[in-house]
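>>> sharing a sequence plus its predicted fold:
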Amino acid sequence: MKISDLEGIASTVKQVLEVAPTGTVGTNPTVNNTINTKMAKPQPQPKPKPVIQRTGAGGSLTTVGGAEIARSTPKIGGMQTTSYADGSEKITTNTTTGSGLNISQTKAAAPTTGNTPVTNTTMQKGDMKTSFSGNDPRTAKSGSMSYKKADGKTVTGGY
Amino acid sequence: MLLKFDIHCDDHTNEPSYRVFLNEDLLAERDYVIPDDRFSHYKFLCDVNLQQGNNVINIESLDGPSFTIKKLAYNDKTIDGVWVNEGNFNYEN
(Lines give C-alpha, C1' and ligand atoms only; values in the text may rest on other atoms or scores of the structure.)
Protein backbone atom coordinates (compact mmCIF):
# COMPACT_ATOMS: atom_id res chain seq x y z
CA MET A 1 0.00 0.00 0.00
CA LYS A 2 1.30 3.39 -0.90
CA ILE A 3 1.25 6.41 1.35
CA SER A 4 -0.94 8.18 -1.20
CA ASP A 5 -3.55 5.41 -0.73
CA LEU A 6 -3.55 6.01 3.05
CA GLU A 7 -4.08 9.69 2.44
CA GLY A 8 -7.03 8.83 0.20
CA ILE A 9 -8.61 6.64 2.92
CA ALA A 10 -8.04 9.34 5.55
CA SER A 11 -9.75 11.86 3.28
CA THR A 12 -12.75 9.56 2.83
CA VAL A 13 -13.04 8.96 6.59
CA LYS A 14 -12.90 12.69 7.18
CA GLN A 15 -15.70 13.29 4.67
CA VAL A 16 -17.86 10.60 6.32
CA LEU A 17 -17.33 12.15 9.74
CA GLU A 18 -18.32 15.56 8.36
CA VAL A 19 -21.39 14.17 6.66
CA ALA A 20 -22.46 11.96 9.56
CA PRO A 21 -23.61 14.77 11.87
CA THR A 22 -25.74 16.13 9.06
CA GLY A 23 -27.26 12.72 8.59
CA THR A 24 -27.97 12.49 12.30
CA VAL A 25 -29.57 15.91 12.30
CA GLY A 26 -31.53 14.81 9.26
CA THR A 27 -33.34 12.25 11.35
CA ASN A 28 -34.25 14.77 14.04
CA PRO A 29 -37.01 16.52 12.10
CA THR A 30 -38.95 13.27 12.27
CA VAL A 31 -38.72 13.41 16.05
CA ASN A 32 -39.56 17.11 16.03
CA ASN A 33 -42.53 16.53 13.75
CA THR A 34 -43.82 13.89 16.08
CA ILE A 35 -43.55 16.23 19.04
CA ASN A 36 -45.19 19.04 17.11
CA THR A 37 -48.06 16.82 16.10
CA LYS A 38 -48.64 15.76 19.69
CA MET A 39 -48.53 19.33 20.93
CA ALA A 40 -50.75 20.72 18.19
CA LYS A 41 -53.88 22.47 19.43
CA PRO A 42 -57.05 20.51 18.86
CA GLN A 43 -58.91 21.94 15.91
CA PRO A 44 -62.33 23.35 16.76
CA GLN A 45 -65.24 21.35 15.50
CA PRO A 46 -66.72 22.83 12.32
CA LYS A 47 -69.91 24.73 13.00
CA PRO A 48 -72.95 22.91 11.68
CA LYS A 49 -74.14 24.76 8.64
CA PRO A 50 -77.77 25.74 8.32
CA VAL A 51 -79.65 24.01 5.54
CA ILE A 52 -82.12 26.25 3.72
CA GLN A 53 -84.91 24.56 1.83
CA ARG A 54 -87.49 26.21 -0.36
CA THR A 55 -91.08 25.68 0.66
CA GLY A 56 -93.90 25.26 -1.84
CA ALA A 57 -95.19 28.79 -1.39
CA GLY A 58 -91.83 30.35 -2.26
CA GLY A 59 -90.67 30.81 1.31
CA SER A 60 -87.83 28.98 3.00
CA LEU A 61 -87.22 26.61 5.89
CA THR A 62 -83.90 26.70 7.78
CA THR A 63 -82.68 23.69 9.73
CA VAL A 64 -79.48 23.10 11.69
CA GLY A 65 -78.55 19.49 12.34
CA GLY A 66 -82.09 18.45 11.42
CA ALA A 67 -83.75 20.84 13.89
CA GLU A 68 -86.01 23.53 12.46
CA ILE A 69 -84.62 26.93 13.38
CA ALA A 70 -86.45 29.42 11.19
CA ARG A 71 -89.19 29.66 8.60
CA SER A 72 -89.53 32.57 6.19
CA THR A 73 -92.31 33.83 3.98
CA PRO A 74 -91.58 34.68 0.36
CA LYS A 75 -90.40 38.25 -0.17
CA ILE A 76 -93.31 40.21 -1.60
CA GLY A 77 -93.06 43.90 -2.33
CA GLY A 78 -89.79 44.12 -0.40
CA MET A 79 -91.31 42.66 2.75
CA GLN A 80 -90.48 39.37 4.40
CA THR A 81 -91.29 37.78 7.75
CA THR A 82 -89.22 35.12 9.48
CA SER A 83 -90.44 33.08 12.45
CA TYR A 84 -87.85 31.47 14.71
CA ALA A 85 -88.11 28.27 16.70
CA ASP A 86 -87.95 30.18 19.98
CA GLY A 87 -91.09 32.15 19.08
CA SER A 88 -89.40 35.36 18.01
CA GLU A 89 -90.15 37.01 14.70
CA LYS A 90 -88.22 39.21 12.30
CA ILE A 91 -89.77 41.50 9.72
CA THR A 92 -87.64 43.04 7.01
CA THR A 93 -88.87 45.80 4.73
CA ASN A 94 -87.20 47.31 1.72
CA THR A 95 -88.55 50.48 0.12
CA THR A 96 -87.26 52.67 -2.67
CA THR A 97 -88.44 56.28 -2.63
CA GLY A 98 -89.20 58.33 -5.73
CA SER A 99 -85.77 59.96 -5.52
CA GLY A 100 -84.05 56.58 -5.70
CA LEU A 101 -83.21 56.31 -2.01
CA ASN A 102 -83.36 52.72 -0.84
CA ILE A 103 -84.39 52.18 2.79
CA SER A 104 -84.11 48.79 4.48
CA GLN A 105 -85.34 48.21 8.00
CA THR A 106 -85.46 45.21 10.28
CA LYS A 107 -87.96 44.82 13.09
CA ALA A 108 -88.02 42.02 15.60
CA ALA A 109 -90.93 40.92 17.78
CA ALA A 110 -90.25 39.33 21.14
CA PRO A 111 -92.48 36.44 22.24
CA THR A 112 -92.20 37.47 25.90
CA THR A 113 -92.88 41.21 25.68
CA GLY A 114 -94.65 41.62 22.37
CA ASN A 115 -92.45 44.61 21.58
CA THR A 116 -91.51 45.13 17.95
CA PRO A 117 -88.58 47.53 17.91
CA VAL A 118 -86.65 48.51 14.81
CA THR A 119 -83.28 46.81 15.14
CA ASN A 120 -81.46 48.20 12.15
CA THR A 121 -81.88 50.79 9.39
CA THR A 122 -79.88 51.06 6.19
CA MET A 123 -80.22 53.85 3.64
CA GLN A 124 -78.44 53.77 0.33
CA LYS A 125 -78.40 55.87 -2.78
CA GLY A 126 -75.84 55.27 -5.45
CA ASP A 127 -72.39 54.96 -3.90
CA MET A 128 -73.41 56.37 -0.51
CA LYS A 129 -74.66 54.17 2.28
CA THR A 130 -75.47 54.80 5.92
CA SER A 131 -76.48 52.23 8.48
CA PHE A 132 -77.37 52.60 12.14
CA SER A 133 -79.03 50.71 14.96
CA GLY A 134 -82.69 51.39 15.62
CA ASN A 135 -84.68 53.79 13.48
CA ASP A 136 -83.20 57.10 14.59
CA PRO A 137 -79.53 58.02 14.00
CA ARG A 138 -79.68 60.47 16.93
CA THR A 139 -80.29 57.68 19.43
CA ALA A 140 -78.39 54.93 17.62
CA LYS A 141 -76.01 52.83 19.67
CA SER A 142 -73.85 52.20 16.64
CA GLY A 143 -73.70 53.35 13.07
CA SER A 144 -71.57 53.49 9.98
CA MET A 145 -71.35 55.46 6.78
CA SER A 146 -69.50 54.70 3.59
CA TYR A 147 -69.08 56.29 0.18
CA LYS A 148 -67.07 55.58 -2.92
CA LYS A 149 -64.67 58.21 -4.21
CA ALA A 150 -63.98 59.02 -7.84
CA ASP A 151 -60.84 56.87 -7.79
CA GLY A 152 -62.98 53.85 -6.89
CA LYS A 153 -61.84 53.61 -3.26
CA THR A 154 -64.50 53.24 -0.58
CA VAL A 155 -64.25 55.37 2.55
CA THR A 156 -65.91 53.97 5.68
CA GLY A 157 -66.43 55.44 9.14
CA GLY A 158 -68.38 54.24 12.12
CA TYR A 159 -68.94 54.37 15.83
CA MET B 1 -87.54 24.35 34.24
CA LEU B 2 -87.75 27.95 33.11
CA LEU B 3 -84.30 29.14 32.14
CA LYS B 4 -83.77 32.79 31.34
CA PHE B 5 -80.88 35.14 30.77
CA ASP B 6 -80.01 38.32 28.90
CA ILE B 7 -77.76 38.37 25.85
CA HIS B 8 -75.81 41.55 25.11
CA CYS B 9 -73.79 42.47 22.04
CA ASP B 10 -72.05 45.73 21.15
CA ASP B 11 -72.35 45.26 17.42
CA HIS B 12 -75.82 46.58 16.68
CA THR B 13 -75.41 47.73 13.10
CA ASN B 14 -74.18 44.59 11.41
CA GLU B 15 -76.72 42.33 13.06
CA PRO B 16 -74.40 39.41 13.81
CA SER B 17 -75.86 35.92 13.91
CA TYR B 18 -75.54 33.71 16.96
CA ARG B 19 -76.62 30.36 18.31
CA VAL B 20 -77.67 29.51 21.84
CA PHE B 21 -76.61 26.14 23.23
CA LEU B 22 -77.41 24.49 26.56
CA ASN B 23 -75.08 21.56 27.32
CA GLU B 24 -74.32 21.33 23.58
CA ASP B 25 -78.01 21.18 22.66
CA LEU B 26 -78.96 23.85 20.13
CA LEU B 27 -81.83 25.96 21.50
CA ALA B 28 -81.99 28.83 19.01
CA GLU B 29 -80.30 30.56 16.14
CA ARG B 30 -80.94 34.23 15.40
CA ASP B 31 -79.56 36.41 12.65
CA TYR B 32 -80.28 39.75 14.26
CA VAL B 33 -79.66 41.67 17.47
CA ILE B 34 -81.65 44.49 19.04
CA PRO B 35 -79.99 47.66 20.37
CA ASP B 36 -80.02 47.56 24.12
CA ASP B 37 -81.93 50.85 24.41
CA ARG B 38 -84.82 48.91 22.90
CA PHE B 39 -84.32 45.88 25.05
CA SER B 40 -86.45 42.89 24.34
CA HIS B 41 -84.84 40.11 22.35
CA TYR B 42 -81.74 40.05 24.39
CA LYS B 43 -83.95 38.43 26.99
CA PHE B 44 -83.73 34.71 26.29
CA LEU B 45 -86.34 32.47 27.87
CA CYS B 46 -86.82 28.75 27.38
CA ASP B 47 -88.42 25.80 29.13
CA VAL B 48 -85.70 23.15 29.48
CA ASN B 49 -84.68 20.09 31.48
CA LEU B 50 -81.54 20.97 33.40
CA GLN B 51 -79.08 18.25 34.28
CA GLN B 52 -77.94 17.68 37.83
CA GLY B 53 -74.66 19.40 38.56
CA ASN B 54 -72.90 21.66 36.09
CA ASN B 55 -74.83 23.17 33.17
CA VAL B 56 -73.17 25.15 30.41
CA ILE B 57 -74.72 27.89 28.30
CA ASN B 58 -72.80 28.71 25.16
CA ILE B 59 -73.50 31.65 22.83
CA GLU B 60 -71.79 30.78 19.57
CA SER B 61 -71.06 33.82 17.46
CA LEU B 62 -71.31 33.10 13.74
CA ASP B 63 -69.88 36.42 12.55
CA GLY B 64 -67.18 37.25 15.08
CA PRO B 65 -68.53 39.65 17.74
CA SER B 66 -68.65 38.41 21.31
CA PHE B 67 -71.82 38.10 23.36
CA THR B 68 -72.24 38.68 27.07
CA ILE B 69 -74.59 36.69 29.28
CA LYS B 70 -76.16 38.49 32.23
CA LYS B 71 -79.05 38.04 34.68
CA LEU B 72 -78.96 34.27 34.49
CA ALA B 73 -81.79 32.58 36.37
CA TYR B 74 -83.79 29.38 36.47
CA ASN B 75 -87.21 29.18 38.11
CA ASP B 76 -86.60 32.72 39.37
CA LYS B 77 -83.47 31.64 41.21
CA THR B 78 -80.88 34.22 40.21
CA ILE B 79 -77.27 33.26 39.57
CA ASP B 80 -74.87 36.12 40.07
CA GLY B 81 -72.24 36.70 37.41
CA VAL B 82 -71.43 37.99 33.97
CA TRP B 83 -70.06 35.64 31.32
CA VAL B 84 -68.62 36.21 27.86
CA ASN B 85 -69.83 33.74 25.23
CA GLU B 86 -70.01 30.89 27.71
CA GLY B 87 -71.55 30.66 31.15
CA ASN B 88 -72.05 27.83 33.56
CA PHE B 89 -73.98 27.24 36.74
CA ASN B 90 -74.70 24.46 39.16
CA TYR B 91 -78.15 22.95 39.43
CA GLU B 92 -79.24 20.72 42.30
CA ASN B 93 -82.78 19.44 42.51
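The structure has been received and is ready for your questions.

>>> low-confidence ranges in chain B?
The model of chain B has pLDDT under 70 over residues B:38-41.

>>> show me which residues of chain A sit near chain B.
Within reach of chain B by CB under 8 Å from any CB of the partner chain, chain A has these residues: A:47-48, A:50, A:62, A:64-65, A:67, A:69-70, A:84-86, A:88, A:90, A:106, A:108, A:110-113, A:115, A:117-120, A:131-134, A:139-144, A:158. C-betas here are computed from N, CA, C, even on glycine.

>>> please repeat the previous calculation with a cut-off of 6 Å.
For chain A, the residues in contact with chain B under the definition CB under 6 Å from any CB of the partner chain are A:64, A:69, A:86, A:88, A:90, A:106, A:108, A:110, A:112-113, A:115, A:117, A:119-120, A:131, A:133-134, A:141-144.

>>> quick one: the helices in the chain, in order.
Picked chain A for this. Taking DSSP state H to define them, one finds helices in chain A at A:3-39.

>>> would you map out the domains in it?
Per the record, chain A has its domains at A:1-33, A:69-144, by automatic domain parsing.

>>> just the residues of chain A next to chain B: which are in strands?
A:64, A:69, A:90, A:106, A:108, A:119-120, A:131, A:133, A:143-144 (DSSP state E).

>>> of those residues, which is the nearest to B:Asp11?
Within those, proximity to B:Asp11 (CB to CB) peaks at A:Ser133, which comes in at 9.1 Å.

>>> dig out what the nearest residue to A:Val155 once chain neighbours are set aside forms beta bridges with.
On the basis of CB to CB, 6 or more residues apart in numbering or on different chains, the spatially nearest residue to A:Val155 that is not a chain neighbour turns out to be A:Tyr147, at 5.8 Å. Here A:Tyr147 sits in beta bridges with A:Met128, A:Val155, as judged by DSSP bridges.

>>> gap between A:Tyr147 and chain B?
Here the criterion is CB to the nearest CB, to the nearest Å. By it, A:Tyr147 lies 16 Å from chain B.

>>> which one of the ones in strands among the residues of chain A next to chain B has the most neighbours?
When neighbours are counted by other CB atoms under 10 Å in any protein chain shown, A:Ser133 leads these with 27 neighbours.

>>> need the contact list for it.
Taking CB atoms under 6 Å, 6 or more residues apart in numbering or on different chains as the criterion, A:Ser133 is in contact with A:140-142, B:12-13, B:35.

>>> then A:Thr73?
If a contact means CB under 6 Å, 6+ apart, then A:Thr73 has A:59, A:80-81 as its contacts.

>>> ok, of the domains of chain A, where does mean pLDDT dip lowest?
Across those, the stretch with the lowest average pLDDT is domain A:1-33; it has a mean of 54.

>>> excluding its backbone neighbours, what's nearest residue 53?
You didn't pick a chain, so chain A it is. Taking CB to CB, 6+ apart as the measure, A:Gln53 lies nearest to A:Leu61, with 4.8 Å between them; neighbours along the chain are not counted.

>>> um, chain B though
Counting by CB to CB, 6+ apart, B:Gly53 lies nearest to B:Asn90, which is 6.5 Å off, once chain neighbours are set aside.

>>> measure that neighbour to B:Ala73 for me?
For B:Asn90, the distance to B:Ala73 (CB to CB, to the nearest Å) stands at 13 Å.

>>> now do B:Asp10
In this structure, B:Asp10 and B:Ala73 are separated by 23 Å, where distance is defined by CB to CB.

>>> ok, the residue nearest to A:Gln53 - contacts?
By CB under 6 Å, 6+ apart, the contact set of A:Leu61 is A:53, A:55, A:71.

>>> quick revisit: the residue nearest to B:Gly53: how many residues sit nearby?
Neighbours of B:Asn90 (other CB under 10 Å): 10.

>>> with B:Ile59 instead?
Residues within reach of B:Ile59, counting by other CB under 10 Å, total 22.

>>> in three-state terms, label it for me.
Assigned by DSSP: H, G, I helix; E, B strand; the rest coil, the conformation of B:Ile59 is strand.
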